[in-house]
Every structure is written in C-alpha cells, then in structure tokens.
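Peer 1: following is a predicted model, sequence given first.
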Amino acid sequence: MNSLIYLLIALAVATTLGYYKGRKKNREIGGMIGTVTEEILSPGEKEYVNIGGTLGHNFTYQLDPPFKEAKGTFTLLPRHSVLYLPLSLLITRHDRYYLHIYSSRELQGECHIIAKRYFPKMRVDIKGIDKLKRDTVQTREGEFILLWDNPRLEAKMRTLIENTEGIDTLLHFCCYRDNKVFFIHSIPREPRFRQLLSGIYAGLPEFMKK
C-alpha cells in the first residue's frame, strides 16, 4: 500500500515538474518562431491568435509589395504533458510550421519542392499532379522531389535549393499561380529555421512574372 502511495506521489511530482518545464520550453520555441518570422518578413500590421495555450498560434501579417499578406500557423508538441508527449512524438514527431505568402504580382506557374521522406505522408493530394513534370534532386541535406508545369521553374527551384541553408528542415514548398500564393511547410528548429525562411523568402521574387 505504501509503495502505491509513493508511486502516485512520484508520478504527481514528475507530472507537475514536466508541466512547468514543458510549458516554458514551448513558450521559448513559440517566441523564437514569432521573432524570426517577423524579422524576416518585416510585417506592418500583425495579429496572433493563440491555439490551446502553449500549443501554438495562428498569425496574419500585412506585407509590403511585391507581397500582400502572410497567414501562418505553428503547432508545438505538448511538452507540458508528460503522459501525452510520448504518444505525440510517435504520431507528430516534431513541431510544425505552415506559412502562406500572398503575392501582389502574377506568378510564373505552379511548382513544388517536397522532401522525399515526407512525400508519402502528405495529407493533401496535389491536384493535377499527373500533368506536372517531375524530377528528384539529391543534396547533402536530403533528397527532394521537384514538380512543375512551366519549364522555367525547374531551374529556379534548383537554384533555391542550392542557395538556401537549412533546407533539411523543409518539408514542402510550393508556388501556386492560380491564387498567387507561396506555401512553406517546415520544422521550426533553430538555427536552421531562420536560415531556411530567410533563404526562401529572398528567392520568392524569382518565381514572379516580371
């Protein structure tokens, strides 16, 4: 009986300590993501909406030309939940960052850069993927699948990969001509996250029509 009581006390202490430590860590990561994104995109007006306490945020930025607006979401592992974290690591495996950047200019076409390890796990099908050209690129930081419709975009994607540090944290980048939007899905892990976002953002004008 005493052993059970001690076990319950130990579990309660571990859960409490894990909660405060995990919450602090998530606040640090969330703060880093917001700071890095703001420093690189330099937004005017900005708005954040909290998701489940320390689990993440939705955010909206107003941007200067040649961009109009950015909308994003980042969701973090439940580090504050000692009991649920192991299961989440099996399912989700890492923190997630999604960013849509809307252009004020027309884009040259549709193209995708997708980490090969992520491609089978994509939850959303790419419409008309059978009509897109396809190739694979091997880098020191991983293997990527390239998809495109406009022949000019192939070289631009390869250049973006070559010129961007932190490309190993990229899961999916795409350029959509129809709604003039860029999309970035990555793992927000510093310092690679800053390098990745900075490199991609600097290269986006190359995908726009002159």
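Peer 2: Done, it's in.
Peer 1: where does this protein have low pLDDT?
Peer 2: Counting by pLDDT under 70, the low-confidence segments of the chain come to 1-20, 80-92.
Peer 1: again, only using 50
Peer 2: When the per-residue scores of the chain are filtered using pLDDT under 50, no range remains.
Peer 1: endpoints of stretch 175-191, how far apart?
Peer 2: One end of stretch 175-191 sits 25 Å from the other (C-alpha to C-alpha, to the nearest Å).
Peer 1: likewise stretch 42-52?
Peer 2: For stretch 42-52, the first-to-last residue distance is 26 Å (C-alpha to C-alpha).
Peer 1: could you pull out the strands for the protein?
Peer 2: 46-50, 56-62, 67-75, 96-103, 111-115, 133-139, 142-148, 170-176, 181-186 (DSSP state E).
Peer 1: dump these into JSON lines; add mean neighbour count and distance to Thr37 as well.
Peer 2: Where C-beta positions appear, they are placed from N, C-alpha and C, glycine not excepted. As requested, the strands of the chain are arranged in JSON lines below (neighbours: other C-beta atoms under 10 Å; distance: least, C-beta to C-beta, whole Å):
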{"stretch": "strand 46-50", "mean neighbour count": "12", "distance to Thr37": "9"}
{"stretch": "strand 56-62", "mean neighbour count": "18", "distance to Thr37": "8"}
{"stretch": "strand 67-75", "mean neighbour count": "19", "distance to Thr37": "7"}
{"stretch": "strand 96-103", "mean neighbour count": "20", "distance to Thr37": "7"}
{"stretch": "strand 111-115", "mean neighbour count": "23", "distance to Thr37": "19"}
{"stretch": "strand 133-139", "mean neighbour count": "12", "distance to Thr37": "24"}
{"stretch": "strand 142-148", "mean neighbour count": "19", "distance to Thr37": "23"}
{"stretch": "strand 170-176", "mean neighbour count": "22", "distance to Thr37": "15"}
{"stretch": "strand 181-186", "mean neighbour count": "20", "distance to Thr37": "10"}
